[in-house]
Each structure stands twice: as structure tokens, then as C-alpha cells.
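K.L.:
Curious how this folds, go ahead:
(4 chains)
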There are 2 protein chains.
Amino acid sequence: MAAKTTIKVRSAASTACCAPLGAPDLSDADVAMLAHVFAALADPVRVRLLNLVANAPADGVCVCDLVESVERSQPTVSHHLKILRDAGLVDSERRGTWMYYRPDRVAIAALRASIM
Amino acid sequence: MAAKTTIKVRSAASTACCAPLGAPDLSDADVAMLAHVFAALADPVRVRLLNLVANAPADGVCVCDLVESVERSQPTVSHHLKILRDAGLVDSERRGTWMYYRPDRVAIAALRASIM
DNA sequence: CCACTACATTGACGGTCGTCGATGCAGACA
DNA sequence: TGTCTGCATCGACGACCGTCAATGTAGTGG
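P.N.:
Residues are numbered from 1 along each chain as shown, chains lettered A, B, ... in the order given. As a prediction, this is how the structure comes out:
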């Protein structure tokens, strides 16, 4: 079996984040990834959703509660949550009929660190 | 003349930034402002431009140098720089025929602080 | 005054995004 | 099996965004 290198494996979905915005040698891939994560926060509904998820109890929030809070249709909320999840800013977990969303605090801290 | 209150005047152009993303009482105005600033960084060209401006000599970079670096037309670069300036992330100053752009490090630090 | 340079603004085009109704799908329960 | 609930996906529409050529504007220098 191949030896595990010390290279950090990027978590599944091109997640946040990486090289700081102010780095003198920022690669095009880093630029694209940063823009992708920032784009996930470029909509007021998604900012609010992340804010709600971040202030939820430790076991998460279900989509139905979020739909009520942001006053958008359920498909629209699902759409925005998918964008936040693809950006690595939130996690989701199925429990029974419900999907519970929680913030990915590691990714969020990495994003903060990437700003200069 | 009216007495100056201690209320902090928001610098000219709805600038970055303010209440943290994780605040339990984040107002709609805060959400809108955060989304606006994040939207300014939601494009790879603008992320690169801010990166270039941030790594420029202390007296700034002229637009012509940025045009060469990002390989876009001069109107396109001007357009992106205007978005970054409206978001409060960069400052511009005229010197002779040239416009020099510099990062607004205070606003950038405020943006970092606003992430949870 | 004129020509030139550096940058901003305008106008137009194609592509992407936010939104919702309709539909699909999985789990719970009888 | 059938039905109900919670959520995801699809399809479509209007609005916004990134891009560039053309044009406008301000400063420089002859």
C-alpha cells in the first residue's frame, strides 16, 4: 500500500480555504477557490442562512426552520444551502426525515485567516 | 451648529464592514452590507486585483500595470476596480495622468473580523 | 490650441444567478 | 402497501454580471 505522505488532503468538495489573499505568490487555483467561497457569501439570503446556522443549537437546524426565518420558498432555501455546503461552510446530516445543518467552524476560521 | 455626537460616521461609500457574521442579532442592514462586500470578492479577477494591489509598493499601482497582469481589457479592469472601491476594499488617488490604487487595510481587517 | 496618454463611462451582448412551481425521493407510520 | 412529511432536483423565467469596442474626460506637453 502506498505510503501516506504528509500532504494535507483537501476535504471533499473544493472546500474553504487556503492561501491568504495577500500572499505575493497566490496561484490561479487559490484565486479561483477564494472567489468561489466568497461567492457563496455574496447573497444576503445565504449570509442570513449562515448566520442562522451558526447560532443554532449544537445539534443543528432543520431546513423547515430556515425556510420560515428567511421567508423564501423551500426549493430556494435548499438551493442556497447547497451552495453553502459546496463551499464547505456548512455541514448537513440526515436524522430521520429531517436534514440538520451546522456550521463548519474549521472552514470558517480558515476563511477568516485567508483574508490577508 | 449642531453638536457632534459620538456616533461613528460610516466612511463614504457603504464601506466594509461591521457586525460579525456569527452575531445572534445580526440586522438586515448588516447582512446586506456583508453580502455586498463579499460580492466584491466573488470574482476571480477582482480577487487577483486585490492581491496585486495588496502586494504593490506603498505608493500604489497604476491601472495600466493591473491591465497587463490580469489580461483583461482596460474598461473591464476599471469596472472591477470600481466595484472594489465601492466595497471600500481599495483606495484610489490621482497623480498626474495616472490613478494609483492601494488596499484599504483597515477595511480589510474589519472584514476579517466580521467572519464569526 | 492641438495631439497624446491614462483612465472612466457607455452601450450592447451572452452567460450566470435567484426565484418559484412542479416533481422526485427517502424516511416514518399505519 | 399506501400515505404523509421533509427535503432535493428540475425546468423556466426575469434580472443581474462580466466582457469588450467605442466614446468621453482629464492631465501632459508641445
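K.L.:
Is A:Met99 in a helix, a strand, or coil?
P.N.:
Under the three-state scheme (DSSP: H, G, I helix; E, B strand; the rest coil), A:Met99 adopts strand.
K.L.:
Enumerate the beta-bridge partners assigned to it.
P.N.:
When assigned by DSSP bridges, A:Met99 has beta-bridge partners A:Arg94.
K.L.:
Does it touch A:Glu93 like I think?
P.N.:
Yes: the criterion here is Cβ atoms under 8 Å, and A:Met99 meets it with A:Glu93 at 7.3 Å. Where you see a C-beta, it was placed from the backbone N, CA and C, and this is true even at glycine.
K.L.:
Between these two, which is the more surrounded one?
P.N.:
The neighbour comparison of A:Met99 against A:Glu93 (other Cβ atoms under 10 Å in any protein chain shown) goes to A:Met99, with 16 against 11.
K.L.:
Now do the contacts for that one.
P.N.:
Contacts for A:Met99 (Cβ atoms under 8 Å, 6 or more residues apart in numbering or on different chains) come out as A:62-63, A:92-93.
K.L.:
Check chain A and tell me which residue is nearest its centre.
P.N.:
When Cα atoms, centre = their mean is applied to chain A, the residue found nearest the centroid is A:Leu89 (1.4 Å).
K.L.:
does that one really touch A:Ala39, like I thought?
P.N.:
No: the criterion here is Cβ under 8 Å, and A:Leu89 misses it with A:Ala39 at 11.3 Å.
K.L.:
which residues do the two both contact?
P.N.:
Joint contacts of A:Leu89 and A:Ala39 (Cβ under 8 Å, 6+ apart) do not exist.
K.L.:
which element is A:Gly88 on?
P.N.:
Taking DSSP states H and E as the definition, one finds A:Gly88 inside no helix or strand.
K.L.:
And for it, the neighbour number?
P.N.:
A:Gly88 is flanked by 25 other residues according to other Cβ under 10 Å.
K.L.:
picking up where we left off before, quick one: which two of the contacts of A:Met99 are the most distant?
P.N.:
Distance extremes for the contacts of A:Met99: the farthest pair is A:Val63 and A:Glu93 at 12.0 Å, using Cβ to Cβ.
K.L.:
how close does the residue nearest to the centre of chain A sit to A:Cys64?
P.N.:
20 Å (Cβ to Cβ, to the nearest Å).
K.L.:
Repeat that for A:Ala107.
P.N.:
With the distance defined as Cβ to Cβ, A:Ala107 ends up 25 Å from A:Cys64.
K.L.:
how about the helices in chain A?
P.N.:
A:28-40, A:44-54, A:63-70, A:74-86, A:105-113 (DSSP state H).
K.L.:
deepest of those helices, which one?
P.N.:
Comparing the helices of chain A by mean neighbour count (mean count of other Cβ atoms under 10 Å in any protein chain shown), helix A:44-54 ranks first with a mean of 23.
K.L.:
Now do that helix: everything it contacts.
P.N.:
With Cβ under 8 Å, 6+ apart as the test, helix A:44-54 has contacts from A:40-41, A:60-61, A:65-66, A:69-70, A:72, A:76-77, A:80-81, A:83-84, A:89-90, A:101-103, A:108, B:21-23, B:26, B:28, B:31-32, B:34-35, B:38, B:116.
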